[in-house]
Each structure stands twice: as structure tokens, then as C-alpha cells.
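K.L.:
with the sequence up front, the predicted model follows.
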Amino acid sequence: MENLQSLHGKSIFLGYDMVKQSSGVMAMKGNLKKALELQRDYYIDKLLLIGVYDSMILDGMTTTELKNEYHYFYYDVPSRKRNVLRKES
């Protein structure tokens, strides 16, 4: 009977640890989701300030697309390409 109780106690303890870990995972998922939303909002705001896209187009883009477009226009790649072509000519 004691072996059964001690085994039962361990299973409850292990179950508690698993619940504790899963709630930590859920908190991390919430933090990750919030961070991604903040990143998305940052890139949308910057692209709207540059004036390249309107908000309807930006809402349909993924975070990666927003990031790539922001870096493309922020670092002024189009004018750099034109300057390189002029120097070569």
C-alpha cells in the first residue's frame, strides 16, 4: 500500500510539473505573438512614413515581406542602383 501511495504521489508531482511547464510555454507563446505584432506595427509605420505603400497593401503583407520592403526602401536601394549604372556608363 505504501508503494502505491508513493507512486501515486510521484505521478501527481510529475503531473504538476508538466502543467507548470505547459503554462510557461503558453506565456512564451503570448510574448512571442506580442513581439511579432509589435515588429509588424513598426515596419508598417515606417513604410507609411516613407510613403511607398498605402495601409491596405501593407495589411496584406507578411512580417517578412514588410521587413524586406522596409530595408529595400530605407537603405535607398533604387537610387544606389541608378548611381552604379551611371558610373559604369
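P.N.:
That came through fine. Numbering: from 1, shown residues only.

K.L.:
list the buried ones in stretch 58-68?
P.N.:
58, 61, 66, 67 (16 or more other Cβ atoms under 10 Å). C-beta coordinates here come from the backbone N, C-alpha and C atoms, glycine included.

K.L.:
contacting residues around the helix or strand where residue 69 lies?
P.N.:
According to DSSP states H and E, residue 69 maps onto helix 63-74. Helix 63-74 is contacted by residues 36, 39-40, 43-44, 46-47, 50, 52-53, 58, 61, 78 when judged by Cβ atoms under 8 Å, 6 or more residues apart in numbering.

K.L.:
can you rerun that using 10 Å?
P.N.:
For helix 63-74, contacts defined as Cβ atoms under 10 Å, 6 or more residues apart in numbering pick out 36-37, 39-47, 50-53, 57-58, 61-62, 77-78.

K.L.:
ok, now which ones touch residue 38?
P.N.:
No contacts exist for residue 38 under Cβ under 10 Å, 6+ apart.

K.L.:
from residue 51, how far off is it?
P.N.:
22 Å (Cβ to Cβ, to the nearest Å).

K.L.:
again, but for residue 62
P.N.:
Going from residue 62 to residue 51 by Cβ to Cβ gives 21 Å.
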